[in-house]
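Asks: dropping a prediction and its sequence here:
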Amino acid sequence: MNRAANDLSTAELRELYRELILDHARSPRHFGKLSAITHTAEGLNPLCGDKLRLYLQIDDDDRISDAAFEGSGCAISVASASLMTDAIIGMRTAEAVDFSNALIASVTGRDSPVELGKLQALQGVREFPSRVKCATLAWHAMNSAIRRDHNPASTE
Amino acid sequence: MNRAANDLSTAELRELYRELILDHARSPRHFGKLSAITHTAEGLNPLCGDKLRLYLQIDDDDRISDAAFEGSGCAISVASASLMTDAIIGMRTAEAVDFSNALIASVTGRDSPVELGKLQALQGVREFPSRVKCATLAWHAMNSAIRRDHNPASTE
Amino acid sequence: MSKSLRQARSEARGDIGACRDDFPALAQKINGAPLVYLDSAASAQQPVAVIDAVAEYHRHIHANVHRGVHTLSHRATEAYESARDEIAGFINAGNRREVVFTSGTTESINLVAQSFCRPRLRAGDRILLSQLEHHSNIVPWQLLCDQTGAELLVVPIDERGELDLATFERQIESGVKILAIAHVSNALGTVLPVADLVRRAKQQGVPVLVDGAQAVPHMPVDVQSLDCDFYAFSGHKMCGPTGIGILYAKEALLERMPPYQGGGDMILEVRFEGTKYNDLPYKFEAGTPNISGAIGLGAAVRYLSGIGMERIAEHESKLLQYLTEQVSRVPGIRLIGTARHKASVQSFLLDDIHPHDLGTILDHQGVAIRTGHHCAMPVMDFFRVPGTARASLALYNNRVDVDRLVESLAQAKEIFSQ
Amino acid sequence: MSKSLRQARSEARGDIGACRDDFPALAQKINGAPLVYLDSAASAQQPVAVIDAVAEYHRHIHANVHRGVHTLSHRATEAYESARDEIAGFINAGNRREVVFTSGTTESINLVAQSFCRPRLRAGDRILLSQLEHHSNIVPWQLLCDQTGAELLVVPIDERGELDLATFERQIESGVKILAIAHVSNALGTVLPVADLVRRAKQQGVPVLVDGAQAVPHMPVDVQSLDCDFYAFSGHKMCGPTGIGILYAKEALLERMPPYQGGGDMILEVRFEGTKYNDLPYKFEAGTPNISGAIGLGAAVRYLSGIGMERIAEHESKLLQYLTEQVSRVPGIRLIGTARHKASVQSFLLDDIHPHDLGTILDHQGVAIRTGHHCAMPVMDFFRVPGTARASLALYNNRVDVDRLVESLAQAKEIFSQ
Ligand SMILES: Cc1ncc(COP(=O)(O)O)c(C=O)c1O
Ligand SMILES: Cc1ncc(COP(=O)(O)O)c(C=O)c1O
């Protein structure tokens, strides 16, 4: 394999596996159960066996007062779930769903990237179409949980 | 289509549909039931829907004392059944089966043509591989009848 | 004349004759004569675009689908799933989840019989078919009757080969649990008034399966406007590969149906204690699918759409009219199937020549027709014939084909007049 | 070096390396690097001989089979049926009637579950599988349990990925109605002692289905010497087309089994009052078969036989040994599947890198491996891993492929050590 191609390839890989992603993958935030759960959903990625359960606590004001997740998955899906839970706590559900849809559209490359703050780190998957499903799994699960959809959210 | 090819093709066709074949197809001998039936078998050709039932009367001496058939089929299969019933009446069963196997081998082109008398007329099918099954249907049915095999004889 | 010139001229004339050159199989000689292929109702030939799409898939794209992160697997999955989208668009399915890849019409019908009907049928329940069905739309229901004690009810046909609608009206009100009916008869060419039949069935709450094997290749089909619950068809009859077909089904029904086969890809999670099924349409696609078949079918759909199903229907309809006229003029011809609304097929008998003999004589002059029962024995029984000779058309046929057919019928008469 | 020279040299060395050039897909670059295809257990690539056989079939031979008198139909039938003969010879079936074309291993197993087992199972009856089965050899049996009230019994495996034979000995005597077992595990590579298992099962009168999807491509298989009742495999894993597979079954069993699907071709006679089924193997081939798939599979069998299954087995076995050695040396590697008798597959994990991430990093360097549960979730559960990375070999792989794999594992470590 020639060196130039190799370097390019490595650069793209480093873009995908940024420090922030690897950090969240190794030490996911909000990992575990919640004491009071109002909404929950499962996310399954049959492609690689990523599997997570998302817990939300939504208050009377329709605000996500707490969020957590359990499960196992690749670095991308775990980091994505970790970053997501961090981001959505405190949002109203409608806001969270809008944000989620914007993120999904952005990483699938359908829209031009929106302002995502830290979640910008997930943009690396745009060059890796087969990994988009990993990045979006938690977000699909959140949408299901808010919709109170009882089928496992699948990215297929 | 050029004339030479056309003539050749016509010659082969005339070889297949000889006068003797057309005559037996139009006026099949031994067509109908027998009054006393000791052996019978059905022959089916799923390819074209040829369907015949063969009736044999076999005496204590293992001799075919009478034979007849009913059913419908193409010119080749009806003529073959007609010629066959003509030929086997009076034969011992072992002899009939030998004759049948020789005929089948001959028209399928597996053996060099044997002396078949009138049945020589069936040799025309050798040039028409898709019609061999028509020519052999009655013969397979005869073999089944003598074996007392209760499945319909099929040429598939 | 160069190909492009000929094409330009024929396109200017508004006909689709030039497409014939896209089909390599049609350029060969058979028994010394140029092939006249009048057996597309049994299986159609493939244009180069389909042959090449399949070969190219295997040269550069192939890997197993849905389960891989590597590039080829991703490419193969994209190609396979785009074919589904293309097919969904072609028949105007509500969405891609309603388009299930099967191995053909036969499997599609068996799937509906076993997965949709079997759990909900009781002894004495009725299944309504018509007398002009292909065996593939009869035998699955007979097996189901054996399994459940249900009974077949058959809509009769008349001498033209049309449905007896008065009888249908009575039958549909007699407690039928499913209506399974052809869109176009493969033996007679009759086009059934499917939209009307579906409307009547719906009034009675009867679900409807349409066997579209002979319709999709020959006319625009819109499953939403037909409003049927299930629609089945085969790739190989529409210039696509063998071993691939489609079951279209309304999403709400598929959701409630148990899987037909078990295996890889149709599950989300397998434990010995129990298994979670995958989403639609995957729940019904167990095991490694016919990936190249799906891709070839996608290419066939693109090819047909490129010409336009309206144009194809018009071309075939004119040609069928010409064929029927020309063949009718042959002394001793008896036409079988003379419905007012027909597509692409004409069955006939000549004198007392058995169809099988006719087939051989025509073949010897390069003219390929089908002879026999056409997997529609009840139709043969109705007309009290052991079989028919059947000429069937596709987009690539033309008047020369019809003229050659008529010439060779004359020769058959000559040989049999010895 | 010219192809023929290279081929001559490698043949002189007695290896089969030159066959790699027969596979066009292997000559491409992926992400800028030459493709290293280590995913043949999911689906193998096709040699030109197979790609061309299928294209040539559609260019000059295609028509529907079994039902036509015209030349193309006859040629297509001959080609289709010769493929059956070739396959029968390849696995040493007793005769061609025992070789049923299906759409793949998955359908073959579903056919046996539904047609052979379903009518003879009662609530509480037992079906014996092993813990290393592919989902395609689990889910059909789970569906059958739902339908009949039968129960699954599972032969456990040990840490190496070998069957626990002591437990098997007890289980096989506990009133089992069928044993359904892999010949080679797709996730672990374990070769099961199938002939011994069959012998023990026979002593108890238990019929045996062998899932040979991962065996037939990699070693000589003789169904008569194995003495199993059913043997299932897929075309696409053995360099043949997708959408085609085989069910081998003993004639005496097939004779007594009801049809699996109903449709054209599997019948002799259809009346609404009842239907006569066709002879073997046609009784089990409803509808227009995957004709080009069968012909492609015939070509694949000719290609593999031309090289020789013994030579292929030897080549792969040496290469697997090399692969396992080289991979073991990578610090942080955990091998999954270390049976004493293995074929063509090595699963592993690297550090705490998720297999999916590993797959992406390798793919980015042109190395295609499979990652995930490999449709064998119970195996993953046993090893308490969410999935593995799996490198799998075929006749066309070589040491360079292995070396490239090892290099790219090193890069993965580097990326993850940030
Ligand atoms: C051991 C084993 N059994 C069964 C199957 C299923 O084969 P297919 O998907 O071709 O039906 C596979 C491969 O996917 C396999 O590896
Ligand atoms: C009307 C009709 N239905 C069903 C079928 C069965 O299709 P297939 O054999 O492709 O499954 C055919 C063709 O054979 C047909 O013409």
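Replies: It's in. Numbers count the residues shown, from 1 in each chain, chains lettered A, B, ... in the order given. Ligands and ions are numbered 1, 2, ... in the order given.
Asks: and the helix or strand hosting C:Gly359, how far from the chain's centre?
Replies: Using DSSP states H and E, C:Gly359 sits within helix C:355-363. Distance of helix C:355-363 from the chain centroid (C-alpha atoms, centre = their mean, to the nearest Å) equals 24 Å.
Asks: same question, stretch A:99-112
Replies: Worked out by C-alpha atoms, centre = their mean, stretch A:99-112 lies 12 Å from the chain centre.
Asks: pretty sure A:Ala102 sits against A:Asp111.
Replies: Yes. Applying C-beta atoms under 8 Å, one finds A:Ala102 in contact with A:Asp111, separated by 7.4 Å. C-beta here means a position set from N, CA and C on the backbone, and glycine is covered the same way.
Asks: who's more crowded, those two?
Replies: Between A:Ala102 and A:Asp111, A:Ala102 has the larger neighbour count (other C-beta atoms under 10 Å in any protein chain shown), namely 17 against 13.
Asks: give the buried residues for whichever strand or helix holds that one.
Replies: Per DSSP H and E: A:Ala102 is located in helix A:93-107. By neighbour count with 16 or more other C-beta atoms under 10 Å in any protein chain shown, helix A:93-107 contains the buried residues A:93, A:96-97, A:99-100, A:102-104, A:106-107.
Asks: who are the packing partners of the host helix or strand of C:Ile312?
Replies: Secondary structure from DSSP H and E places C:Ile312 in helix C:309-328. Applying 3 or more C-beta pairs under 8 Å, 6 or more residues apart in numbering or on different chains; DSSP states H and E, one finds that helix C:309-328 makes contact with strand C:333-336, strand C:345-350, helix C:399-416.
Asks: returning to what we had before: relative to helix A:93-107, how tilted is the helix or strand that the helix holding A:Ala102 is followed by?
Replies: Under the assignment DSSP H and E, the closest C-terminal helix or strand after helix A:93-107 is helix A:132-147. Helix A:132-147 and helix A:93-107 meet at an angle of 160 degrees, taking axes from the mean of the first three to the mean of the last three C-alpha atoms, to 10 degrees as the criterion.
Asks: sorry, back to before: can I get the helix holding C:Ile312 as CSV, trimmed to CA atoms?
Replies: The C-alpha trace of helix C:309-328 is given here as CSV (Å, rounded to 0.1, in the frame of the first residue of the first chain):
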residue,chain,number,x,y,z
MET,C,309,-44.6,0.7,-19.7
GLU,C,310,-47.3,2.7,-21.5
ARG,C,311,-45.4,2.4,-24.7
ILE,C,312,-44.7,-1.3,-24.2
ALA,C,313,-48.4,-1.9,-23.5
GLU,C,314,-49.4,-0.1,-26.6
HIS,C,315,-46.8,-1.8,-28.8
GLU,C,316,-47.8,-5.2,-27.5
SER,C,317,-51.5,-4.5,-27.8
LYS,C,318,-51.2,-3.6,-31.5
LEU,C,319,-49.0,-6.5,-32.2
LEU,C,320,-51.4,-8.9,-30.4
GLN,C,321,-54.2,-7.6,-32.6
TYR,C,322,-52.1,-8.2,-35.7
LEU,C,323,-51.2,-11.7,-34.5
THR,C,324,-54.7,-12.7,-33.8
GLU,C,325,-55.9,-11.4,-37.1
GLN,C,326,-53.2,-13.2,-39.1
VAL,C,327,-53.5,-16.4,-37.2
SER,C,328,-57.3,-16.4,-37.5
